[in-house]
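Novice: Sequence plus the predicted model coming up.
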Amino acid sequence: TLLFPGYVPCMTRRQAKILVRSVGLLLLGLAVWAFVIEPASLRVQSYTVTIPDWPVGLSGLRIAVLADLHTGSPFNDLGKLRAIVTATNGAGCDLILLAGDLVIQGVLGGTVVPPEDSAGILKELSAPLGVYAVLGNHDWWLNADRVRRALEGVQIPVLEDDAVEIIGKQGTFWLAGISDFWEGAHDVSRALSKVPAAGPVLTFTHNPDVFPEIPSRVSLTIAGHTHGGQVHVPIIGRPVVPSRYGERFAAGHIVEEGRHLFVSTGLGTSILPVRFRVPPEISILTVRSVAGTDGAS
């Protein structure tokens, strides 16, 4: 101020200390939220997917998607899995799909949980049109045959490049499971080989990177794997997405060239036990027809 008469400092030393402390508290709060509060949370999130060629009779089909359970990751023990099963059954869906990665390896603070223990809880899942699964890359890294046996041992069919006809009161459609893009054969042609040329078909898989290979005859593809990046920063976006396509297939309903994809952000964590603005969720899809009479638009 002696050199520059009339100059007023922008900030006093006391104000600077207050600012530094405030920023520190903010960062601490964000860290607690991202590493504790949000990963430990659970929400049931509803989505409506409207598909032009979906049959009117099947309009309103409700599908629960449980992706990336990663039982054994922080805040995702068997008790949390029971809560997930209870909440899923409470949603009253027609069909339940397990979109891979039942197990976990290598996450900080996590513990490997035998797939047989998880399957013993998942057997309580119930839906009129059934419960079906595919395997994810972590399931393969542990032991794909073992995870498959654990699920099928509690009557949860695992559709690895295979399909099944789903017959319900409102109509019939085909459900095809495609094996993991990284570790499985992910043979789309084989998965659809049983499916008639005409009629509605849904596919589900673990990794959405297979989506460009899905033919237009498939009404909707459902996937997981990305965890929505686990972190979604305003303006910046999702810094890390385990996909060759970056954020293209990171989360939610994607439409490309008339083909529909839904990617669930999942329930567990991988590598780092962090979630920020991407809370663990049970995804509930309501599939509607454009021409439906039940309020579809």
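Specialist: Yes, it's here. Numbering: from 1, shown residues only.

Novice: Run through the bridge partners of residue 65.
Specialist: On the basis of DSSP bridges, residue 65 is bridged to residue 97, residue 283.

Novice: Can you report how many residues neighbour it?
Specialist: Residue 65: 27 surrounding residues under other CB atoms under 10 Å. C-betas here are computed from N, CA, C, even on glycine.

Novice: Just confirm residue 51 contacts residue 216, I think it does.
Specialist: No. Contact between residue 51 and residue 216 fails when scored by CB atoms under 8 Å: they sit 11.8 Å apart.

Novice: got any residues that touch both of those two?
Specialist: Common contact partners of residue 51 and residue 216 (CB atoms under 8 Å, 6 or more residues apart in numbering): none.

Novice: more crowded one of the two?
Specialist: Taking neighbours as other CB under 10 Å, residue 51 and residue 216 compare with residue 51 leading, 21 against 9.

Novice: On the pLDDT front, check the more buried one for me.
Specialist: Listed pLDDT for residue 51 reads 95.

Novice: now it, which residues is it bridged with?
Specialist: Under the criterion used (DSSP bridges), residue 51 bridges to residue 289.

Novice: same question, the one 10 residues further on
Specialist: Using DSSP bridges, the beta-bridge partners of residue 61 come out as residue 287.

Novice: the helices in the stretch 51-200 of the chain, which residues?
Specialist: Along the stretch 51-200 of the chain, the segments classed as helices by DSSP state H, counting those that start in this stretch run 78-90, 115-122, 137-152, 188-191.

Novice: Residue 125 - how many residues pack around it?
Specialist: 20.

Novice: Repeat that for residue 260.
Specialist: Other residues close to residue 260 by other CB under 10 Å number 23.

Novice: Do you know the pLDDT at the spatially closest residue to it that is not a sequence neighbour?
Specialist: Spatial nearest neighbour of residue 260, excluding adjacent residues (CB to CB, 6 or more residues apart in numbering): residue 220 at 4.7 Å. pLDDT recorded at residue 220 is 98.

Novice: in stretch 249-266, what's buried?
Specialist: 249, 250, 251, 254, 259, 260, 261, 262, 263, 264, 265, 266 (16 or more other CB atoms under 10 Å).

Novice: Just the residues you listed: which are in strands?
Specialist: Of the buried residues of stretch 249-266, the ones assigned to strands by DSSP state E are 254, 259, 260, 261, 262, 263.

Novice: For the residues you listed, which two are the farthest from each other?
Specialist: In terms of CB to CB, these reach their longest pairwise distance at 259 and 263, which sit 13.4 Å apart.

Novice: Pass me the low-pLDDT residue ranges in the stretch 51-200 of the chain, would you?
Specialist: Applying pLDDT under 70 to the stretch 51-200 of the chain flags no residue at all.

Novice: follow-up on the earlier one: I'd like the helices of the stretch 51-200 of the chain as CSV, with distance to residue 175 and mean neighbour count appended.
Specialist: Below are the helices of the stretch 51-200 of the chain laid out as CSV (distance: least, CB to CB, whole Å; neighbours: other CB atoms under 10 Å):
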stretch, distance to residue 175, mean neighbour count
helix 78-90, 17, 16
helix 115-122, 18, 19
helix 137-152, 16, 19
helix 188-191, 10, 18
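
Novice: Please consider this matter closed, and thank you.
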